[in-house]
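Chemist: this is a predicted model, with the sequence first.
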Amino acid sequence: MILSGRGVIAVLGPTNTGKTHYAIERMVAHESGVIGLPLRLLAREVYTRLVEKVGAHNVALITGEEKITPHMARFSVCTVEAMPRETKAAFVAIDEVQLAGDLERGHIFTDRLMHLRGRSETLLLGAATMRPILEHLLPGITVVERPRLSQLLYAGSKKITRLPQRTAIVAFSAEEVYAIAELIRRQRGGAAVVLGALSPRTRNAQVALYQAGDVEYLVATDAIGMGLNLDVDHVAFAQDRKYDGYQFRNLNPGELAQVAGRAGRHLRDGTFGVTSRVEPFDNELVHRIESHQFDPVRVLQWRSKALNFASLAALKKSLDAPPAVNGLTRALPAVDQQALDYLSHYPEISGVATTPERVEKLWEACALPDYRRITPAQHADLISTIYADLVRRGTVNEDFMAEQVRRADQTDGEIDTLSARIAQIRTWTYVSNRPGWLADPTHWQEKTREIEDRLSDALHERLTKRFVDRRTSVLMKRLRENAMLEAEISVNGDVFVEGHHVGQLAGFRFTLAAVTDGLDARAVQGAAQKALALEFEARAARLHAAGNADLALASDGLVRWLGDPVARLAASEHVMRPRVILLADEQLQGNARDHVLARIERFVNHHISTVLKPLDDLSRAEDLEGLAKGLAFQLVENLGVMFRRDVADEVKSLDQEARASIRRHGIRFGAYHIFMPALLKPAPAELITLLWALKNDGLDKPGYGDLIPVLAAGRTSVVTDASFERNFYKLAGFRFLGKRAVRIDILERLADLIRPLLQWKPGTTARPDGAYDGRRFTATTAMLSILGATPDDMEEILKGLGYRADIVKAEEAAAFLSAQSGNVTTPADSAAVETTAETTDHDDADAPGEEASEPAPEQAAPAETAPEAEAAAAEPAGEPAEQVEAKPVLLWRPGGRNDNQRAGGRPHGNHRGANNRAHQGEARREGTEQRPDGDGRREARGDDNRKGGGRPDRNRGRDGGKPQGGQRQEKGERQDRPDRNDRGGKSQAAKFEARPPRKEKPIDPDSPFAKLAALKEQMKK
């Protein structure tokens, strides 16, 4: 078995050394030659190159599935499996001889390199790792090592979307290849796909797509490592493990180098690296790949060619014969041997294969490749059918073959379906090319070839459609050619370069789509900018001539033109005159930019002056002077709403003429607010909120814009949200009162209902609904109705306005009201009360725009026919008392300065807060109280026995939100005092015993108030 290596030349070296090119040049120098290649795809490439050199009539192509054999052809290009066992050709070359160590196909390469020789010259082409084993098995062989023509350098790890152009990404499963190709299509325009399972025609078409520059990326398995000549600059490994037919294993350094070596072409350097989830290569591995230093191949796969066809048993035994030479190892059973093992157990086969001829025919049938990648048993069944026909008929049953071919002849379906059909038809292509298997082989060769080509073209189309964006590929090609790119802009702002969507133009801003990067992105953007320059000028002219209906100011402060943002508002010194900032690229310049800015400013000013016309007119008013002008200025600065308490001194100082001049501008002087009713509508409130937010950086504050829908829905009160910015309630026309917020105009209507109840004098006129003793009142159904509130909500609202609740038993209130039921009112007293009501400053219920919307049904208060006190008064005398105690009655009164002070620390049993109705006599510290109309805030006050301690408004800058008397009109309206003659802190009502007698409680000796009272008593002594 030891053969001589004399006359054999081994040309060894890494990838990109020109070995295949050298073999082609040497072959055409002889009169005849045969070259064996590892792949049908590579054989096709070499065949094409030879045809270009010597003509198609001189070159034959012989593979398992294809035969092109011109008469008297001088040169043959074959796959290694299809090479003849013996030849008379002058030249023989075998490429990629390192595959002799492959577990699946290695024994075929070993047989060819050891036995097949050319008459004049034999070349063995492969990796340098083969040198020791070749010198051992073929003594006298001449070894020529060729260096790589370019450098191969490690580039590290990169994300798939950051890989450079002209990159081949390598994975080892179809699922991973497809997933990567899909990602590249979305991010970078597309990729070609090369899989070992694809038909040669499909792989050629995909490689051509990449080579032509229609796509910049190639996603492939290690099939590209077998001699395919590609213009690849970088190879990125997305996987470093593969299934070799027996197990999953890591690729060894030599295998990695074989694939990485595809990077770089001829004299151009290449790089390799990792991507996706592959860990970066360690320094030792990188060094070995860059320097091409790998472990030598120590053994070659071998299988005996001295086969014994005497019987099935003899054939199997001869296949299992061990090699007799060191350096060779018996190959694992290949597909053909596995099929033979299965078939030898079939009774119908063993009963037929009884002669050497039939055994040899069975072995020939077992050579059918498993293109379909099915199980060995299924593959053996197909071989059994073919073999039975060959034995019984002499040829394969053409009806059976026609049916199989017909099933595969369909071009519909997706990638996997077409791939399966191609594998099926390749099986029958192989059958049609076997000598003596068919009665009419030429017909079936043409038929199967036609179907395979059609299926391959359909698969290429599906792959291209799925993994390539055609428009992007065309654009990339034009960019590489440095061609002038054509750009256009659609009506809706889409920007196209060479028909490819590259960005969006919104208003005067262009956004480049993320489809290209680097130099390509700059080239695309440059082409787009040329079209945008003219478009910007045209748009500027259209905007300058546009009507106000084409422009809109949004709640986020953006000015939009036909839906596209063109400017945004920013704060300026005057809250009603915000600054306009253009949203435009630099291409909008000169007069065009000035015209656009001027037009937007005109629109913004017109919009503000229209929506906020009352406020704008007030800011320009020329009929106001002195204090009235100052008050108007403050009202404009506060955007139409002020708390009355904040300007109480100015209001008090206004004379009637000044008040009238202010009222003519739509301003109302309310009990609690100075405001403009015309602004309490959704559109003005929304714009007011925006202007305040611009001035106070409030666009991002919680609650911005959330209260405008509440106002638009007609809600008169709403539950407050503690997370909202407090000012948003006021800007939307609501007064924040603790747990609830009430619309400003509704609060003024509430004041109109409360005022006559506190102005009523017992014994003068008939008691109004809700009045009690002239200084206290109860909540009525009318109050609940306008507020859209429940009794509990009413307590919160009144408490927020600064009122205090006295709580009395129902029977005591009933007795008190019964005592007053017989009082008679004189006409003069009645007229006096009416006159007083007319002269109050905040009695402006008829002001324009003041009509409050009706509360929503869910807001309406329960329909109570009378206060609790009246219900108690209506109880018939003599009825036995019910087991359940009657509900106490809340008597509301204006909160005073001395509400929380008790002489001598005496507990006050009747004073309770409106919120929890708990006794507060000893629980409050002296000198603190709830401010009237104070938004729930508390203010420290000293002990003060000024007259009228219960006055709701002392004109000291607090909100004048309490009932007013109106008697000294010439000094400005003053709020009514519960008792103008009581200077000792006791109310007049108390002289008539209107308040129920107070029940004394025992004093806690440990109380600090008790100790303070005792200390005062000692000081008096």
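Modeler: Right, received. Where do you want to start? Residues are numbered from 1 along each chain as shown.

Chemist: low-confidence regions, the stretch 1-150 of the chain specifically.
Modeler: For the stretch 1-150 of the chain, the stretches flagged by pLDDT under 70 are 1-3.

Chemist: in it, which spans are strands?
Modeler: All strands of the stretch 1-150 of the chain, identified by DSSP state E, counting those that start in this stretch, fall at 8-12, 33-37, 59-62, 67-68, 75-79, 91-94, 121-126, 142-145.

Chemist: and the stretch 201-350 of the chain, by the same measure?
Modeler: Going by DSSP E, counting those that start in this stretch, the stretch 201-350 of the chain shows strands at 217-220, 234-237, 241-243, 248-250, 270-274, 300-302, 328-330.

Chemist: and the longest one, which strands flank it?
Modeler: Spelled out, that is strand 270-274. strand 152-157 (parallel), strand 234-237 (parallel) (DSSP bridges).

Chemist: list the buried residues in the longest one.
Modeler: The neighbour-count check on strand 152-157 (16 or more other Cβ atoms under 10 Å) flags Leu152, Leu153, Tyr154, Ala155 as buried. To be clear about C-beta, it is placed using only N, CA and C from the backbone, and glycine gets the same treatment.

Chemist: quick check: mean pLDDT across the very next helix or strand once past that strand?
Modeler: Using DSSP states H and E, the next helix or strand after strand 152-157 towards the C-terminus is strand 167-170. Averaging pLDDT along strand 167-170 gives 94.

Chemist: other SSEs contacting strand 167-170?
Modeler: strand 217-220, strand 234-237 (3 or more Cβ pairs under 8 Å, 6 or more residues apart in numbering; DSSP states H and E).

Chemist: in it, which residues are buried?
Modeler: So strand 167-170, judged by 16+ other Cβ under 10 Å, has buried residues Thr167, Ala168, Ile169, Val170.

Chemist: and the gap between the first one and Val177?
Modeler: So that's Thr167. According to Cβ to Cβ, to the nearest Å, Thr167 stands 14 Å off from Val177.

Chemist: same thing with the second one?
Modeler: Applying Cβ to Cβ, one obtains 11 Å for the distance of Ala168 from Val177.

Chemist: list residues touching both of the two?
Modeler: Val219, Ala220 (Cβ atoms under 8 Å, 6 or more residues apart in numbering).

Chemist: now for the nearest residue to Phe294 once chain neighbours are set aside: which residues touch it?
Modeler: Leaving aside its sequence neighbours, Phe294 sits nearest to Gly254 (Cβ to Cβ, 6 or more residues apart in numbering; 4.2 Å). Gly254 sits next to Gln98, Ala127, Thr129, Phe294, Asp295 when contact means Cβ under 8 Å, 6+ apart.

Chemist: returning to what we had before: tell me which of the strands of the stretch 1-150 of the chain sits nearest to Ile415.
Modeler: Shortest distance between Ile415 and the strands of the stretch 1-150 of the chain, using Cβ to Cβ, is found for strand 75-79: 25.4 Å.

Chemist: mind listing what's buried in that closest one?
Modeler: Those buried within strand 75-79 under the rule 16+ other Cβ under 10 Å are Phe75, Ser76, Val77, Cys78, Thr79.

Chemist: and those, which two are the farthest apart?
Modeler: Farthest pair in these, by Cβ to Cβ: Phe75 and Thr79, 15.0 Å.

Chemist: so which of the strands of the stretch 201-350 of the chain is the most surrounded?
Modeler: strand 217-220 (a mean of 30; mean count of other Cβ atoms under 10 Å).

Chemist: chain center to that strand: distance?
Modeler: 29 Å (Cα atoms, centre = their mean, to the nearest Å).

Chemist: and it, what other elements does it pack with?
Modeler: With contacts defined as 3+ Cβ pairs under 8 Å, 6+ apart, strand 217-220 has these neighbours: strand 167-170, helix 174-188, strand 192-194, helix 200-211.

Chemist: can I get the ones you listed in TSV with distance to Ser350?
Modeler: Conversion of the helices and strands packed on strand 217-220 to TSV gives the following (distance: least, Cβ to Cβ, whole Å):
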stretch	distance to Ser350
strand 167-170	45
helix 174-188	38
strand 192-194	43
helix 200-211	37
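
Chemist: Ala570: which of these is closest?
Modeler: helix 174-188 (37.2 Å).

Chemist: what's that closest one packed up against?
Modeler: Helix 174-188 packs on strand 192-194, strand 217-220, helix 441-467, going by 3+ Cβ pairs under 8 Å, 6+ apart.

Chemist: so for that helix, mean pLDDT?
Modeler: 88.

Chemist: over to stretch 538-546?
Modeler: Stretch 538-546 comes out at a mean pLDDT of 91.

Chemist: which residues does it contact?
Modeler: Gly507, Phe508, Trp561, Val566, Leu588, Ala592, Arg593, His595, Val596, Ala598, Arg599, Ile600.

Chemist: follow-up on the earlier one: and the contacts of Gly254, which are buried?
Modeler: For these, buried by 16+ other Cβ under 10 Å: Gln98, Ala127, Thr129, Phe294.

Chemist: ok, back up a step: in JSON lines, list the buried residues of strand 75-79 along with distance to Thr780.
Modeler: Putting these into JSON lines (distance: Cβ to Cβ, whole Å) gives the following:
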{"residue": "Phe75", "distance to Thr780": "114"}
{"residue": "Ser76", "distance to Thr780": "113"}
{"residue": "Val77", "distance to Thr780": "108"}
{"residue": "Cys78", "distance to Thr780": "109"}
{"residue": "Thr79", "distance to Thr780": "104"}
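
Chemist: which of those sits closest to Arg735?
Modeler: The closest of the buried residues of strand 75-79 to Arg735 turns out to be Thr79 (Cβ to Cβ; 91.8 Å).

Chemist: and the closest one, what are its bridge partners?
Modeler: Under the criterion used (DSSP bridges), Thr79 bridges to Leu37.

Chemist: identify the residues contacting stretch 155-172?
Modeler: Against stretch 155-172 from outside (Cβ under 8 Å, 6+ apart): 177, 180, 183-184, 187-188, 191, 216-222, 224, 230-239, 241-243, 259, 262-263, 271-276, 278, 280.
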